[in-house]
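# Please work out how this folds:
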Amino acid sequence: MKTKDFRTLKANRVAHHLVGTMKAPKDQKEYVKAIRVVAIAVSEQLGNTPAVAAKSYINPEVFAKWRGGLT
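Take a look at the predicted model:
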């Protein structure tokens, strides 16, 4: 495994934990804000920006539970 693999694993564990503990967003606007909160938390763990965390490390499937409940 490479370093990026371990960083990705850590990012997804943190993101998955947060998604499980946060209140589910009810609409698209809340969804975008919630993803931003998760990306900020992950970026703090990895030492990079929220944009990099969201784009390069967090698997979008982590947010599938939230997407299913949007109105």
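
# Buried residues, stretch 37-50. List them.
Neighbour-count burial for stretch 37-50, counted by 16 or more other CB atoms under 10 Å, picks out V38, A39, A41, V42, S43, L46, P50. Using the backbone N, CA and C atoms, a C-beta is placed for each residue, glycine as well.

# Could you list every helix and strand in contact with the helix or strand hosting T8?
If you go by DSSP states H and E, T8 is part of helix 3-21. Other helices and strands packing on helix 3-21, by 3 or more CB pairs under 8 Å, 6 or more residues apart in numbering; DSSP states H and E, are helix 28-46.

# Could you tell me the angle between the helix it packs on and helix 3-21?
130 degrees (axes from the mean of the first three to the mean of the last three CA atoms, to 10 degrees).

# Specify the next element, helix or strand, located C-terminal of helix 28-46.
helix 50-52.

# which residues touch the next helix or strand after that next one?
Once the chain leaves helix 50-52, the next helix or strand it forms, by DSSP H and E, is helix 64-67. With contact meaning CB atoms under 8 Å, 6 or more residues apart in numbering, helix 64-67 is reached by V19, A24, P25, Y31, A34.

# possible to save the residues you listed as JSON lines with neighbour count, distance to G69 and pLDDT?
JSON lines is the format used below for the contacts of helix 64-67 (neighbours: other CB atoms under 10 Å; distance: CB to CB, whole Å; pLDDT from 0 to 100):
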{"residue": "V19", "neighbour count": "18", "distance to G69": "12", "pLDDT": "97"}
{"residue": "A24", "neighbour count": "14", "distance to G69": "5", "pLDDT": "95"}
{"residue": "P25", "neighbour count": "19", "distance to G69": "8", "pLDDT": "96"}
{"residue": "Y31", "neighbour count": "17", "distance to G69": "9", "pLDDT": "97"}
{"residue": "A34", "neighbour count": "18", "distance to G69": "11", "pLDDT": "98"}
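
# right, and the pair among the residues you listed with maximum separation?
Within the contacts of helix 64-67, two members stand farthest from each other by CB to CB: V19 and Y31, at 11.2 Å.

# Understood, closing this out.
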